[in-house]
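missing the sequence, but the structure's below:
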């Protein structure tokens, strides 16, 4: 929730960050000025701030960059992951004083102002990160310009009155409202139905490059809407919010699984897959956000460095094969985070479906997990061959 103005008077240079536990950090206004409220989370990437800012999964969150220097390479249209900046607010220590990159088309500060994103700079981001790591992600507010002078109790009251992330369904805020299609590149495989829960452009590009005509559908799409595109497979994207508040999307996914359509889900799509299988989800203390999370692929024993952005996770036994409580047969946890043993992937044995909790499109981030798109393509091709042989 944001209200902002864009002036640059001396008064508007002041800013304060207030956490719901009463902790306060005083700094300088960065980007638009005014008030913004959201869940304060930290992202550990030393690069890729543009992809982070334009990732719809960050809707409703005030993002703290742990890297101290942000904005050096400016902003450009080519690296955007969506049509706008989605973060609720932005926290950096030392913003760049000038842009130094040949691809830059504008400064980060100008982009924040353009999209009305209220930020704060010049605070001890290390101390703030340590606070969140010890106490967990919490609601916060940035008050800048004239709002920085509001009574401290009034600022805190606004923060504690803001909604918590648990229980929020934010997909409708970030999804397309009308279907759109990205044509296949190279040899065409068939139509792919993508449920846009906050999808990143890089994911769509990867899928199109593998030969799918990518049909991007609104988050409100029914199973009939999915069937209408005659899909050879279904993809559920990343996105913001609590998976427990997305019952309609889970119900549609169960119909997809009942029809035995090949399924691939990433991030939010992994959590919804878990719930469709009959598993629970829970909120992590401070989540995984950044481009350096080590994940074990149990099938190969390979450790991948991966890009993450999630505050919720699936509850499932890490070892062995178990039965889906909702009747979808044998399931196993395919990937595990090596930092904290969080479930990072699910694989079904009796239906053509799998998911991962991280971002294989790697925008920004390492490319260790790109193979997952190829794995999905191979799953779809095997399914097509099996149906043709029947």
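Cool, the structure landed. This one's a predicted model, so the numbers in the text were calculated from it and none came from an experiment.

contacting residues for residue 374?
Shown in contact with residue 374 (Cβ atoms under 8 Å, 6 or more residues apart in numbering): residue 210. (Glycine included, C-beta is placed from N, CA and C.)

my bad, residue 282
With contacts defined as Cβ under 8 Å, 6+ apart, the neighbours of residue 282 are 312-313, 315.

would CSV of these with secondary structure be doable?
Listed next are the contacts of residue 282 as CSV, based on DSSP: H, G, I helix; E, B strand; the rest coil:
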residue, secondary structure
312, strand
313, strand
315, coil
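
Tell me the buried residues within the residues you listed.
Burial by neighbour count, judged by 16 or more other Cβ atoms under 10 Å, picks out 312-313 from these.

and which of the contacts of residue 282 is nearest residue 113?
Among the contacts of residue 282, residue 312 lies closest to residue 113 (Cβ to Cβ), at 31.7 Å.

Please determine how far that closest one is located from residue 231.
As judged by Cβ to Cβ, to the nearest Å, residue 312 and residue 231 stand 27 Å apart.

The closest residue to residue 237 other than its chain neighbours: helix or strand, and which one exactly?
Once flanking residues are discounted, residue 237 sits nearest to residue 199: 3.6 Å by Cβ to Cβ, 6 or more residues apart in numbering. Assessed by DSSP states H and E, residue 199 sits outside every helix and strand.

Equivalent analysis for residue 204, please.
Using DSSP H and E, residue 204 falls in helix 201-209.

buried stuff in that helix?
Neighbour-count burial for helix 201-209 flags 201-204, 206-208 (criterion: 16+ other Cβ under 10 Å).

From those residues, pick the one nearest residue 344.
Residue 344 has its nearest neighbour among the buried residues of helix 201-209 in residue 203, at 17.0 Å by Cβ to Cβ.

Quick one: classify the closest residue in space to that closest one that isn't next to it in sequence as helix, strand or coil.
Distance criterion Cβ to Cβ, 6+ apart; nearest residue to residue 203, sequence neighbours excluded, is residue 361 at 4.5 Å. The three-state assignment at residue 361 reads coil, by three-state DSSP.

wait, residue 361 sits on residue 208?
No: with contact defined as Cβ atoms under 8 Å, residue 361 and residue 208 do not form a contacting pair (11.9 Å).

quick one: the strands in the stretch 251-390 of the chain?
Under the criterion DSSP state E, counting those that start in this stretch, the stretch 251-390 of the chain carries strands at the ranges 263-266, 281-297, 302-314, 321-323, 330-337, 343-348, 353-356.

should've said the stretch 51-200 of the chain
With strands called from DSSP E, counting those that start in this stretch, the stretch 51-200 of the chain shows them at 61-65, 69-70, 89-91, 94-95, 118-121, 138-144, 180-182, 190-195.

Redo the ones you listed as a markdown table? Include mean neighbour count, mean pLDDT and distance to residue 373.
Converted to a markdown table, the strands of the stretch 51-200 of the chain look like this (neighbours: other Cβ atoms under 10 Å; pLDDT from 0 to 100; distance: least, Cβ to Cβ, whole Å):
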| stretch | mean neighbour count | mean pLDDT | distance to residue 373 |
| --- | --- | --- | --- |
| strand 61-65 | 26 | 96 | 26 |
| strand 69-70 | 18 | 94 | 30 |
| strand 89-91 | 29 | 98 | 30 |
| strand 94-95 | 18 | 96 | 35 |
| strand 118-121 | 28 | 98 | 34 |
| strand 138-144 | 27 | 97 | 35 |
| strand 180-182 | 15 | 97 | 14 |
| strand 190-195 | 24 | 98 | 11 |
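
List the residues that contact residue 211.
So residue 211 contacts 184-189, 377 (Cβ under 8 Å, 6+ apart).

mind checking how far the closest residue to residue 112 other than its chain neighbours is from residue 358?
Closest residue in space to residue 112, ignoring its immediate chain neighbours: residue 31 at 2.9 Å, by Cβ to Cβ, 6+ apart. Relative to residue 358, residue 31 is positioned 28 Å away (Cβ to Cβ).

show me where the protein has helices.
49-53, 108-114, 125-135, 152-161, 171-174, 201-209, 223-228, 247-258, 268-277, 371-389 (DSSP state H).

residues contacting the residue nearest the centre of the chain?
The centroid of the chain falls nearest to residue 57 when counting by Cα atoms, centre = their mean (3.0 Å). Counting by Cβ under 8 Å, 6+ apart, residue 57 touches 86, 198, 200, 238-240, 267-268, 309-310.

can you pick the most crowded of those residues?
Counting neighbours by other Cβ atoms under 10 Å, residue 239 comes out on top of the contacts of residue 57 with 33 neighbours.

before we move on, back to that, count of neighbours near the residue nearest to residue 112?
Around residue 31 there are 30 residues (other Cβ under 10 Å).

which residues touch it?
Residue 31 makes contact with 90, 109, 112-113, 117-119, according to Cβ under 8 Å, 6+ apart.

swap the cut-off to 10 Å and go again
By Cβ atoms under 10 Å, 6 or more residues apart in numbering, the contact set of residue 31 is 4, 6, 15, 85, 89-90, 92, 95, 108-121, 142, 144.
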